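In: Just need the structure, nothing else, for what follows:
(one chain, ligands or ions: 1)
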Amino acid sequence: MSFPLQRPRRLRQNSAVRRMVAQTRLHPSQLILPVFIKEGLTEPNPLVSMPGVVQHTEDSLKQVATQAATAGLGGIMIFGIPQKLDATGSEALNPDGILNRGIRAVVSAVGDDLVVMSDLCLDEFTEHGHCGVLDETGRVDNDATLELYGKMAQTHAEAGVHMVGPSGMMDGQVRVIRESLDEVSAQHVGILAYSAKYASAFYGPFREAVDSSLTGDRKTYQMDPANRREALLETELDLAEGADMVMVKPAMSYLDILREVADFSDVPVAAYQISGEYAMIEAAAANGWINRDAAVAESVLSIRRAGADQVLTYYALELADWIHRGLI
Ligand code: PBG
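Out: From the prediction side, this is the model:
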């Protein structure tokens with residue numbers, strides 16, 4: 001019988017050695033918390049499909065932003081849910097619309113202690129729920145949408161946002177937004193481009209979170225889950241158009257894409273652990289089928305290991321708390 005010379009188990013024998021050789025760590029500054037603010041609410045509204053996540057009032061949004069800054073999170077990504085919807089999402093351009101009010105509220109609460117980011121998309125504002133305006137045949141009109149994105153970016157800059165997150169997957173959106181920002185002397189406002197965003201079934205619970213009225217799907221603008229080269233092309237285009245950071249979304253079913261993008265991108269790469277990923281963990285844990293906290297930590301750690309420099313996650317505050325307490 002010959003015994004092994006190499007024994008990888010030696011470096012796993014206790015928590016001290018495991019901690020010493022751990023290659024991937026979580027730090028609060030790498031985490032970005034997505035939040036929802038809804039017009040007309042008097043109390044925060046809990047979301048059934050995302051237990052623990054709420055739609056905020058302006059006041060509760062300020063509170064959570066302050067908590068996020070105190071916890072040392074990297075950033076906060078704000079989504080706005082207006083009362084008035086129409087065909088072109090005109091509330092999105094209202095300087096006093098709900099998202100712009102949310103940006104102002106958060107900036108007034110945290111100043112420069114936290115990177116304040118905004119979702120730059122029309123789907124929360126259109127009555128049909130698509131990320132852009134429709135042409136007479138009912139197709140999402142790329143270039144007409146770009147004009148609105150450009151104007152929307154200017155209102156976000158005016159409200160004090162640090163970074164906008166274009167999530168609509170229109171061709172050329174990063175360039176148009178960059179030019180529109182520069183036109184109003186908002187050169188300091190960054191762009192976190194949702195570069196490789198897939199048409200995913202896992203966005204389901206988000207549609208409840210933003211009261212979405214979408215019927216149909218987003219397959220003519222978001223990417224096909226079957227494709228990988230296209231993710232590289234989308235990222236290259238966004239980099240050439242001036243993206244300051246790029247993103248892969250969703251995270252867990254796209255870790256291979258994340259790794260590839262991370263290997264060639266020369267700007268930071270974020271990944272979004274989306275609503276359905278959150279809901280699956282919560283649902284399984286509620287049934288006693290998995291250990292919730294361990295699954296939460298493992299899920300975000302693996303997204304980091306796959307190459308994400310930053311992770312957008314609804315667990316950001318909870319994870320930061322565990323990190324501070326030395327639990328993970
Ligand atoms: C579009 C947008 C979506 C999400 C973030 N931005 C939904 C979609 O593309 O259908 C999903 C986030 C999540 O599921 O957590 N504005």
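In: Ser90 and Leu122 touch, don't they?
Out: No. Taking contacts as CB atoms under 8 Å, Ser90 lies outside contact range of Leu122: 9.6 Å. In short, each C-beta sits where N, CA and C put it, glycine included.
In: When the two are compared, which one has more neighbours?
Out: Taking other CB atoms under 10 Å, Ser90 and Leu122 do not tie; Leu122 has more neighbours (26 against 16).
In: Need the phi and psi values for that one.
Out: When read as degrees, to the nearest 10, the backbone of Leu122 gives phi -100, psi 0.
In: nearest residue to it other than its sequence neighbours?
Out: Once flanking residues are discounted, Leu122 sits nearest to Gly89: 3.9 Å by CB to CB, 6 or more residues apart in numbering.
In: pretty sure the one you found contacts Val133?
Out: Yes. If you go by CB under 8 Å, Gly89 and Val133 touch, sitting 7.3 Å apart.
In: Who has more neighbours out of the two?
Out: Gly89 (27 against 19).
In: Contacts only, for the more buried one.
Out: Counting by CB atoms under 8 Å, 6 or more residues apart in numbering, Gly89 makes contact with Leu122, Asp123, Glu124, Phe125, Thr126, Val133, Leu148.
In: Sitting in helices, which of those do you find?
Out: Leu148 (DSSP state H).
In: Among the contacts of Gly89, which ones lie close to the ligand?
Out: Of the residues in the contacts of Gly89, proximity to the ligand by CB under 6 Å from any ligand atom holds for Asp123.
In: What is the nearest of the contacts of Gly89 to Tyr198?
Out: Asp123 (15.5 Å; CB to CB).
In: Report pLDDT for that closest one.
Out: Here the pLDDT value assigned to Asp123 is 97.
In: give me the number of residues near it?
Out: By the criterion of other CB under 10 Å, Asp123 has 23 neighbours.
In: where do the helices sit along the stretch 51-200 of the chain?
Out: For the stretch 51-200 of the chain, the helices defined by DSSP state H, counting those that start in this stretch cover 58-70, 98-110, 142-159, 173-183.
In: Need those in CSV (columns: mean pLDDT and mean neighbour count).
Out: Formatted as CSV, the helices of the stretch 51-200 of the chain follow (pLDDT from 0 to 100; neighbours: other CB atoms under 10 Å):
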stretch, mean pLDDT, mean neighbour count
helix 58-70, 98, 19
helix 98-110, 98, 22
helix 142-159, 98, 20
helix 173-183, 98, 20
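In: distance of the closest residue to Asp217 other than its chain neighbours from the ligand?
Out: Residue nearest to Asp217 in three dimensions, not counting chain neighbours: Ala199, with 6.2 Å by CB to CB, 6+ apart. Ala199 sits 8 Å away from the ligand, taking CB to the nearest ligand atom, to the nearest Å as the criterion.
In: show me what contacts Ala199?
Out: Neighbouring residues of Ala199 by CB under 8 Å, 6+ apart: Asp217, Arg218, Lys219, Gln222, Met223, Asp224, Pro225.
In: and the third one, helix, strand or coil?
Out: By that I understand Lys219. coil (DSSP: H, G, I helix; E, B strand; the rest coil).
In: So which of the helices of the stretch 51-200 of the chain is nearest Pro44?
Out: helix 58-70 (4.5 Å).
In: and the angle from that closest one to helix 98-110?
Out: 50 degrees (axes from the mean of the first three to the mean of the last three CA atoms, to 10 degrees).
In: Does helix 58-70 pack against any helices or strands, and if so which?
Out: On a contact count with 3 or more CB pairs under 8 Å, 6 or more residues apart in numbering; DSSP states H and E, helix 58-70 meets strand 31-38, strand 75-81, helix 98-110, helix 316-324.
In: Where does the prediction get shaky in the protein?
Out: Judged against pLDDT under 70, the chain has no low-scoring part.
In: ok, how many other residues are close to Gln222?
Out: Using other CB under 10 Å, Gln222 has 20 neighbouring residues.
In: so it touches Tyr198, yeah?
Out: Yes. When contacts are counted by CB under 8 Å, Gln222 is listed as touching Tyr198 (5.9 Å).
In: thinking again about what came up before, identify, from the contacts of Gly89, the entry nearest to Tyr272.
Out: Scanning the contacts of Gly89 for proximity to Tyr272, where the rule is CB to CB, the winner is Asp123, at 15.1 Å.
In: quick one: that closest one and Ser212 touch, right?
Out: Yes. Using CB under 8 Å, Asp123 is in contact with Ser212, at 6.7 Å.
In: which neighbours do the two share?
Out: Common neighbours of Asp123 and Ser212, counting by CB under 8 Å, 6+ apart, are Gly129.
In: residues near the residue of the stretch 51-200 of the chain found nearest the ligand, how many?
Out: Per CB to the nearest ligand atom, Cys121 is where the stretch 51-200 of the chain lies closest to the ligand, at 3.6 Å. Other residues within reach of Cys121 by the criterion other CB under 10 Å amount to 28.
In: wait, it sits on His130?
Out: No. Using CB under 8 Å, Cys121 is not in contact with His130, being 9.8 Å away.
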